[in-house]
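Novice: next input, structure requested:
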Amino acid sequence: MSESALSLGSQLAQLLALEFEALKSQQLDQFEALQPGKNDLLTALASACPSAEDLQNLPEWEELRELLIDCRDLHRRNAVLIERKLDAIRGTLHSLRTGESGSPVEVYDRLGQVARFSKGRGYQEV
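Specialist: Presented below is the predicted three-dimensional model:
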């Protein structure tokens with residue numbers, strides 16, 4: 001087994017952990033700064049690894065295969081975090097847009113029932 005491939009895989013795992021920390025703390029500049037290094041590691045790792053068939057079938061590549069699976073899982077975790085943050089941003093933007101369009105507002109009446117009214121209705125009707 002290639003020790004350089006194993007070393008590159010370990011570096012990739014560390015970089016993915018740094019990405020996650022940058023995403024969690026919303027340090028997008030730091031996250032962006034990590035991207036060229038990650039691309040370089042992926043390129044080097046692709047050239048240092050055996051074929052996909054050998055990686056899958058030969059026992060001497062088991063340690064690297066497990067490390068790459070861990071890296072895949074770390075990458076997916078980062079992707080899920082990014083997607084959740086984007087969904088939150090989309091939701092906020094949607095609520096801001098909807099709020100400007102004069103959508104109905106929900107309030108409770110004296111009986112505790114939800115009463116709906118539009119912006120155009122008077123104070124006495126609420």
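Novice: doesn't Glu66 make contact with Ser10?
Specialist: No - counting by CB atoms under 8 Å, Glu66 is not a contact partner of Ser10; they are 11.7 Å apart. Just so you know, the C-beta spots here come from the backbone N, C-alpha and C atoms, and that holds for glycine as well.
Novice: tell me which of these two has more neighbours.
Specialist: The residue with more neighbours, out of Ser10 and Glu66, is Ser10; 14 against 11, by other CB atoms under 10 Å.
Novice: got the buried residues for the one helix or strand the more buried one maps to?
Specialist: Take DSSP states H and E as the rule and Ser10 turns out to sit in helix 3-24. By neighbour count on 16 or more other CB atoms under 10 Å, the buried set for helix 3-24 is 5-6, 8-9, 11-13, 15-16, 18-20, 22-23.
Novice: and what of stretch 43-52?
Specialist: Under the neighbour-count criterion of 16+ other CB under 10 Å, stretch 43-52 has 44-45, 48-50 buried.
Novice: just give me the least confident of those residues.
Specialist: Of all these, Pro50 has the smallest pLDDT value, namely 85.
Novice: helix, strand, or coil at that one?
Specialist: coil (DSSP: H, G, I helix; E, B strand; the rest coil).
Novice: contact partners for it?
Specialist: Contacts for Pro50 (CB atoms under 8 Å, 6 or more residues apart in numbering) come out as 2, 58, 61.
Novice: what's around the last one, how many residues?
Specialist: By the criterion of other CB under 10 Å, Trp61 has 19 neighbours.
Novice: from Gly37, how far off is the closest residue to it other than its chain neighbours?
Specialist: Once flanking residues are discounted, Trp61 sits nearest to Leu55: 5.0 Å by CB to CB, 6 or more residues apart in numbering. For Leu55, the distance to Gly37 equals 23 Å [CB to CB, to the nearest Å].
Novice: excluding sequence neighbours, find me the nearest residue to Gln26.
Specialist: Using CB to CB, 6+ apart, the nearest residue to Gln26 is Lys85, at 7.9 Å.
Novice: middle-most residue in this protein, spatially?
Specialist: For the chain, Ile82 is the residue whose C-alpha lies nearest the centre (CA atoms, centre = their mean; 2.2 Å).
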